[in-house]
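Asks: Sequence plus the predicted model coming up.
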Amino acid sequence: MTTRKHLIAGNWKMNGTQASTTEFFNSLNPADFCTQSADYLICPPATCLHTAQDAISGQKLPIATGSQTMDYHESGAYTGELSTDMILETGATHAIIGHSERRQYYNETDDTVSQKVEAAINAGLIPIACVGETLDERDAGQADTIVTTQTQHALSRVPKGTCPSKLVIAYEPVWAIGTGKTCDSAEANRVCGVIRATVARLLGDDVANGVRILYGGSVKPGNAAELFGLPDIDGGLIGGASLKATDYTDIAKATAGLTQTACSV
Ligand code: 13P
């Protein structure tokens, strides 16, 4: 049991139309989402952020929205990119930054991650900074070094007095994403502890104790409670299973009651 409220975040990646977004939220029941026990977030494609907000308001769901990436420049000649203001204007509160797919396919680097985390916090958008090792790095015994280095970069421009609620970190081992291979829960908790210790060294114990560190990688209704019940895992960043309203609901229900402020749904 932890005192940090869980965050149950869905990353839809490049999936979803405006019609399917509306259908997803319309099929959720607000009574299934215990707000004493967790916060809830869905990150749809940017084109569906407004649609998601409208459906969430219509259904009175306690679910926030976030973007899947962002640019750190305020505005200008950056074709295809979204600024923090553009994202905030949709009603979104969070931005995923440095997802391994962005690092792998779109040249996201530790340096751009650090600039984006800084820009998000300055704009009042909560960054979800993603870190995680590849299978080769894990096999070479480098998992801790990789996540520590990525965390150090991600936080390198975050001021010391930052309120921990303004920041989220997600541990997503690359080999567990979309593969059905979940990281062993004890190991995922241990690595989240390594990340928390890194936060403590950089930003102090108060931030480290308050910041939410999520696990991501093949989270499903069947393994969410075990993962999120561990002390250093404060919820999840969920890909495939967040696309199905029933699975997302089942994960929310399975994890209600894991924090001290629990309620049962
Ligand atoms: P899956 O849950 O589909 O493995 O994806 C995890 C992820 O990348 C979330 O950001």
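Replies: That came through, no problem.
Asks: just the helices in the stretch 1-150 of the chain please.
Replies: 18-26, 49-59, 84-89, 100-105, 110-123, 135-139, 143-154 (DSSP state H, counting those that start in this stretch).
Asks: any bit of the host helix or strand of residue 225 sitting next to the ligand?
Replies: Using DSSP states H and E, residue 225 sits in helix 221-228. No - Helix 221-228 lies out of reach of the ligand by C-beta under 6 Å from any ligand atom, never closer than 10.5 Å. In this view, the C-beta of every residue, glycine as well, is placed from N, C-alpha and C.
Asks: Please apply the same query to stretch 3-18.
Replies: Yes - contact of stretch 3-18 with the ligand (C-beta under 6 Å from any ligand atom) involves residue 11.
Asks: what about that stretch, distance to the chain center?
Replies: Taking C-alpha atoms, centre = their mean, to the nearest Å, the mean C-alpha location of stretch 3-18 is offset from the chain mean by 7 Å.
Asks: measure that stretch end to end?
Replies: One end of stretch 3-18 to the other measures 36 Å (C-alpha to C-alpha, to the nearest Å).
Asks: Could you pull up the mean pLDDT of it?
Replies: For stretch 3-18, the mean per-residue pLDDT is 96.
Asks: low-confidence ranges in the stretch 101-250 of the chain?
Replies: Along the stretch 101-250 of the chain, segments meeting pLDDT under 70 are nowhere present.
Asks: Quick one: residues contacting whichever residue of the chain sits closest to the ligand.
Replies: Closest approach between the chain and the ligand, counting by C-beta to the nearest ligand atom: residue 239, at 2.2 Å. Listed by C-beta atoms under 8 Å, 6 or more residues apart in numbering, the contact partners of residue 239 are 10, 11, 12, 13, 177, 178, 216, 219.
Asks: for the first one, which residues make a bridge with it?
Replies: In this case it means residue 10. Assessed by DSSP bridges, residue 10 has beta-bridge partners residue 42, residue 238.
Asks: on that earlier part again, looking at the contacts of residue 239, state which has the most neighbours.
Replies: Highest neighbour count within those: residue 219, with 30 neighbours (other C-beta atoms under 10 Å).
Asks: Just confirm that residue is within a strand.
Replies: No - assigned with DSSP: H, G, I helix; E, B strand; the rest coil, residue 219 falls outside any strand and is coil.
Asks: Around the ligand, pick out the residues from the protein.
Replies: So far as C-beta under 6 Å from any ligand atom goes, the chain lies against the ligand at 11, 99, 172, 177-178, 216-219, 237-241.
Asks: Report the two of the residues you listed separated the most.
Replies: Greatest spacing in those, by C-beta to C-beta: 99 and 241 (16.3 Å).
Asks: tell me the contacts of residue 85?
Replies: By C-beta under 8 Å, 6+ apart, the contact set of residue 85 is 74, 75, 123.
Asks: got the contact list for the second one?
Replies: To tie it back to what came earlier, the one meant is residue 75. Counting by C-beta under 8 Å, 6+ apart, residue 75 has contacts 83, 85.
Asks: So residue 204 is in contact with residue 162, correct?
Replies: No - applying C-beta atoms under 8 Å, one finds residue 204 not in contact with residue 162, separated by 9.6 Å.
Asks: So for these two, which residue has more residues nearby?
Replies: Using other C-beta under 10 Å as the criterion, residue 204 and residue 162 rank with residue 162 on top: 17 against 14.
Asks: So the more buried one belongs to a helix, correct?
Replies: No - Residue 162: not assigned to a helix; according to three-state DSSP it is coil.
Asks: hmm, back to that, reformat the contacts of residue 85 into JSON lines and put distance to residue 38 next to each item.
Replies: Converted to JSON lines, the contacts of residue 85 look like this (distance: C-beta to C-beta, whole Å):
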{"residue": "74", "distance to residue 38": "33"}
{"residue": "75", "distance to residue 38": "35"}
{"residue": "123", "distance to residue 38": "25"}
